[in-house]
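Colleague: pasting the structure only:
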Ligand code: ATP
């Protein structure tokens with residue numbers, strides 16, 4: 001579904017990505033972990049064309065997308081839920097969700113997708129007219145993920161959805177991500193919460209200093225001494 005190779009990008013003279021290689025297969029749930037400043041957000045933003053790459057290839061659904069504009073990428077079903085949620089805080093929950101349904105396909109499936117969002121996040125159905133900015137951090141994160149689902153994702157990319165959430169809410173958000181995978185959506189999750197992300201995802205990658213330094217399945221990584229020592233806190 002997604003294949004990234006030799007990807008390089010940065011900000012001005014600062015090179016952040018130094019030849020990133022990784023893949024996400026259809027139906028898979030992949031996580032990408034790494035310490036602060038490793039380049040995780042930059043990688044996601046480069047894939048979504050929010051940052052211009054200096055080298056490398058991004059293939060999505062069998063086609064190269066690295067030269068395309070952001071809206072063309074969204075149209076193909078690569079949907080990025082950014083770090084920090086970026087909701088329209090003066091608008092209601094429903095208005096925020098509807099803004100996710102802006103492609104032709106998403107407009108057609110608006111009703112169906114809204115039902116899916118309400119099934120996954122019953123609280124949003126109850127609070128559909130609440131102003132998004134007045135909701136708790138966890139609920140706002142749910143709105144952000146639900147807005148992503150309104151865009152008909154083939155691949156849903158989530159950048160640190162647990163940021164600022166309590167352990168309990170983080171657990172809830174992770175459970176919902178599993179359910180989203182259960183609906184047939186391919187998921188790429190970026191997390192600083194390494195232990196939970198690795199335990200949840202089918203496969204994970206570790207990004208360090210702009211390069212992938214380790215890759216493995218859940219079972220492989222949970223027993224990997226190098227990873228345990230550096231990221232998993234035992
Ligand atoms: P975090 O978990 O802190 O978000 P990260 O792994 O996502 O970390 P990035 O946000 O991609 O890391 O940052 C990688 C490097 O790029 C860091 O050195 C950071 O200071 C720098 N950087 C990030 N955004 C910008 C920007 N807009 N302009 C200049 N430098 C940036």
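Modeller: The structure has been received and is ready for your questions. Bear in mind that the values here come from a model prediction, so they are computed numbers and not experimental data.

Colleague: List the residues that contact the spatially most central residue of the chain.
Modeller: Most central in the chain under C-alpha atoms, centre = their mean is residue 158, positioned 1.6 Å from the mean C-alpha point. Each residue near residue 158 by C-beta atoms under 8 Å, 6 or more residues apart in numbering is listed here: 81, 145, 148, 177, 187-190. C-betas here are computed from N, CA, C, even on glycine.

Colleague: Among those residues, which ones are in strands?
Modeller: 81, 187-190 (DSSP state E).

Colleague: re the thing from before, what about burial for the contacts of residue 158, which qualify?
Modeller: With burial judged by 16 or more other C-beta atoms under 10 Å, the buried subset of those is 81, 145, 148, 177, 187-190.

Colleague: ok now stretch 33-47, how far from the chain's centre?
Modeller: Its chain's C-alpha centre lies 11 Å from the corresponding centre of stretch 33-47 when counted by C-alpha atoms, centre = their mean, to the nearest Å.

Colleague: residues of that stretch that come out buried?
Modeller: By 16+ other C-beta under 10 Å, the buried positions in stretch 33-47 come out as 33-34, 38-47.

Colleague: With secondary structure, pLDDT and distance to residue 163 as extra columns, can I get those in CSV?
Modeller: Formatted as CSV, the buried residues of stretch 33-47 follow (DSSP: H, G, I helix; E, B strand; the rest coil; pLDDT from 0 to 100; distance: C-beta to C-beta, whole Å):
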residue, secondary structure, pLDDT, distance to residue 163
33, strand, 95, 14
34, coil, 94, 14
38, coil, 94, 15
39, coil, 96, 17
40, helix, 96, 12
41, helix, 95, 11
42, helix, 97, 16
43, helix, 97, 16
44, helix, 97, 14
45, helix, 96, 16
46, helix, 97, 20
47, helix, 97, 19
